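**Q** Provided below for reference: sequence and predicted model.
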Amino acid sequence: MSVARIVVGADEAGLAYKDVLADLLRADPRVEVVEDVGVHADDDGTAYPHVAVAAARRVAEGAADRALLVCGTGLGMAIAANKVAGVRAVTAHDAFSVERSVLSNDAQVLCLGQRVIGVELAKMLVRQWLDLEFDPTSRSAAKVDAIRGYETGGTDGGEAAGSC
Ligand SMILES: O=C[C@H](O)[C@H](O)COP(=O)(O)O
């Protein structure tokens, strides 16, 4: 999965980190486009589900490769983004989880909590995230396909095609 086009978003509880992380992304030569779906001001009370879904839809429609979302905890953003078909969003605040979110789960959306981790750790995790790429030939691919199977209305997530 390319990291060329990344959409960022936050509610007011994640705005400061979102802006710092967007600057980090803009400075990375691999990132060609950083699309910011807001919020842009401390007094913008847009609730996190609206931001999360706006960003996740950009990923689902192929307009962005990944999304980086920040709220107070990173939890609500992930819950909301996962309502968009085709999107796999996670909250991850440690290096191992960030790594596995891409390598195991092919997650396109990383959600962070501004009230949970320090800004330097957030920056480190995002730098690491940019280095990661899912391997569609890996043993994890069938499991991600099983997620897709449930999403598209299947009742068994494609269990017949791959055991857990
Ligand atoms: O998951 C939700 C976020 O942490 C949000 O920024 C804060 O939500 P709250 O105001 O409902 O606690």
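**A** Yep, that arrived.

**Q** please list the residues of this structure that sit near the ligand.
**A** Where the chain comes near the ligand, counting by Cβ under 6 Å from any ligand atom, the residues are 11, 13, 48, 71-73, 75-76. No exception for glycine: its C-beta is placed from N, CA and C like everyone else's.

**Q** any idea what the residue nearest the centre of the chain is bridged to?
**A** Central residue of the chain (Cα atoms, centre = their mean): Val109, 1.2 Å from the mean position. For Val109, the beta-bridge assignment (DSSP bridges) gives partners Ala67, Ala89.

**Q** how close does it sit to Pro29?
**A** 22 Å (Cβ to Cβ, to the nearest Å).

**Q** rewinding a little: which of the residues of the chain next to the ligand ranks first by neighbour count?
**A** Cys71 (31 neighbours; other Cβ atoms under 10 Å).

**Q** picking that back up, any idea how far the ligand is from the residue nearest to the centre of the chain?
**A** Using Cβ to the nearest ligand atom, to the nearest Å, we find Val109 at a distance of 14 Å from the ligand.

**Q** Thr91 is in contact with that residue, correct?
**A** No - using Cβ atoms under 8 Å, Val109 makes no contact with Thr91, being 9.7 Å away.

**Q** name the residues contacting each of these two.
**A** By Cβ atoms under 8 Å, 6 or more residues apart in numbering, Val109 and Thr91 have these common neighbours: Ala78.

**Q** could you look up the SS state of Leu69?
**A** Secondary structure for Leu69, judged by DSSP: H, G, I helix; E, B strand; the rest coil, is strand.

**Q** got it, and Gly38?
**A** Applying three-state DSSP: Gly38 is coil.

**Q** dump the residue contacts of it.
**A** Going by Cβ under 8 Å, 6+ apart, Gly38 touches 9-10, 44, 46, 51, 54.

**Q** quick one: these as TSV, columns for pLDDT too.
**A** TSV is the format used below for the contacts of Gly38 (pLDDT from 0 to 100):
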residue	pLDDT
Gly9	99
Ala10	99
Asp44	98
Thr46	98
Val51	99
Ala54	98
